[in-house]
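# turn this into a structure:
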Amino acid sequence: MTNMASPPSLATLATSPDPGLGRLRNTYGPASVGRLLVTHPIETLGLGGLAAILIVGGLLHGTPGTVVGGAAICAVVALGLIARRAAAVSVDVHEHGVVVRSRRGERSVRWTQIGDLQVCLLDLKTRAGTRIRDTLLLQVDDAPRIRLDHGIHGIRELIATIEAETSEPIRQRAQAALDAGRVFSFGALHLSRDGFVVHHRVVPWRDLERIESDDGDAWVTLASAGRHALGPYRAISSARALMRLAATRAAAAGRAVAIPGRFVATEGARRSR
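Residues are numbered from 1 along each chain as shown. You can find the predicted model right below:
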């Protein structure tokens with residue numbers, strides 16, 4: 001099972017860059033302070049509310065200097081917290097992996113080192129517009145997980161890139177495990193050589209009827225004749241590899257099952273970027 005606890009700081013992961021990562025393809029830097037003010041409404045409103053209390057209190061019981069001082073303190077605290085968040089993480093994408101940088105160090109990770117990944121694509125729709133609150137958790141070998149989120153500018157594009165690069169190696173490792181007779185877990189969903197697990201019972205691959213996902217945001221479902229192996233997306237790891245592997249196993253058993261469009265990625269498309 002995938003541990004859903006919050007991953008630790010990158011401070012414990014600092015290493016030197018890996019020259020074997022190949023040429024640099026793209027860099028994803030920290031989001032702007034303005035964008036983080038929008039994507040962190042609770043923090044922003046909380047500090048704004050504190051400023052309002054200090055200002056009102058100063059007007060009622062204090063002096064103009066108290067009002068200005070209180071507002072200035074809140075402004076400094078708010079900008080300091082948001083600026084610290086904005087400077088937290090950046091990612092360099094190379095041919096064969098990524099370099100994740102934080103204030104305290106950096107970590108070089110090859111695609112083949114990523115054991116699984118969890119994706120949460122979340123759009124918060126408000127009157128002011130849509131706020132993207134996406135998160136990607138990377139399990140690298142046996143080290144603590146790395147968290148990448150909307151504090152990075154272009155996080156959704158970065159997630160798509162990492163998914164495309166890592167899904168096939170993960171699928172191949174899962175395929176090897178199933179061929180060896182072992183159960184392979186994609187977080188909350190479990191696959192075996194003979195089928196997928198529902199309530200501790202194996203449903204044969206030949207009975208798989210459909211694979212569903214709520215656009216990768218909420219649920220992943222493997223279904224057969226009313227029997228569903230269903231898991232919340234936040235509890236699913238490597239969903240793209242999971243769906244491709246399930247479709248492949250079903251096809252080998254004589255059952256053609258389509259994969260939801262978002263998860264269809266070919267080797268050619270991956271290499272063409």
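
# contacts, neighbours, all on C-alpha from now
Noted.

# helices of the stretch 51-200 of the chain, residue ranges please.
Here the stretch 51-200 of the chain has its helices, by DSSP state H, counting those that start in this stretch, at 64-86, 155-179.

# and stretch 190-199, C-alpha only, in PDB?
C-alpha atoms of stretch 190-199 as PDB (Å, rounded to 0.1, in the frame of the first residue of the first chain):
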ATOM      1  CA  HIS A 190      -4.100  -4.700  -6.800                       C
ATOM      2  CA  LEU A 191      -3.400  -6.800  -9.800                       C
ATOM      3  CA  SER A 192      -2.300 -10.400 -10.100                       C
ATOM      4  CA  ARG A 193      -1.300 -12.700 -13.000                       C
ATOM      5  CA  ASP A 194      -4.800 -14.000 -13.200                       C
ATOM      6  CA  GLY A 195      -6.900 -10.900 -12.800                       C
ATOM      7  CA  PHE A 196      -7.700  -7.900 -10.500                       C
ATOM      8  CA  VAL A 197      -8.600  -8.100  -6.900                       C
ATOM      9  CA  VAL A 198     -12.100  -7.200  -5.600                       C
ATOM     10  CA  HIS A 199     -12.900  -7.700  -1.900                       C
END
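
# give me the neighbour count for Trp205.
Other residues within reach of Trp205 by the criterion other C-alpha atoms under 10 Å amount to 24.

# now do Ile259
Using other C-alpha under 10 Å, Ile259 is surrounded by 17 other residues.

# against Arg171, how distant is it?
Ile259 sits 14 Å away from Arg171, going by C-alpha to C-alpha, to the nearest Å.

# okay, now the unreliable bits of the stretch 51-200 of the chain?
Scanning the stretch 51-200 of the chain for pLDDT under 70 picks out the ranges 51-87, 121-134.

# if you set the cut-off to 50 instead, what comes out?
Counting by pLDDT under 50, the low-confidence segments of the stretch 51-200 of the chain come to 86-87, 124-126, 128-131.

# pretty sure Ala31 sits against Asp149.
No - applying C-alpha atoms under 8 Å as the test, Ala31 and Asp149 come out as separate, 10.0 Å apart.

# I'd say Glu168 and Met243 touch.
No - because the distance of 11.2 Å does not satisfy C-alpha under 8 Å, Glu168 is recorded as not touching Met243.

# more neighbours, the two?
More crowded of Glu168 and Met243, by other C-alpha under 10 Å: Met243, with 24 against 20.

# for the more buried one, helix, strand, or coil?
Secondary structure state of Met243, per DSSP: H, G, I helix; E, B strand; the rest coil, is helix.

# and the one 3 residues further on, by the same measure?
Using three-state DSSP as the criterion, the local structure at Ala246 reads helix.

# contact partners for it?
By C-alpha atoms under 8 Å, 6 or more residues apart in numbering, the contact list for Ala246 reads Trp205.

# what of Val257?
With C-alpha under 8 Å, 6+ apart, Val257 has these contacts: 208-211, 247, 250-251.

# out of those residues, which is most surrounded?
Greatest neighbour count in these, by other C-alpha under 10 Å, goes to Leu208: 25 neighbours.

# how about that residue, nearest residue that isn't a chain neighbour?
Spatially, and ignoring its direct neighbours in sequence, Leu208 is nearest to Ser224 (4.9 Å; C-alpha to C-alpha, 6 or more residues apart in numbering).

# what are the bridge partners for the one you found, then?
For Ser224, the beta-bridge assignment (DSSP bridges) gives partners Arg227.

# okay, now it: neighbour count?
17.

# contacting residues around it?
Taking C-alpha under 8 Å, 6+ apart, one finds 203, 207-210 in contact with Ser224.

# and which of the contacts of Val257 is nearest to Val89?
Of all those, Val89 sits closest to Ile211, with 34.8 Å by C-alpha to C-alpha.

# ok, that closest one touching Leu222?
Yes - applying C-alpha under 8 Å as the test, Ile211 and Leu222 come out as touching, 4.9 Å apart.

# distance between the ends of stretch 120-139?
Chord length of stretch 120-139, first to last residue, is 15 Å (C-alpha to C-alpha).
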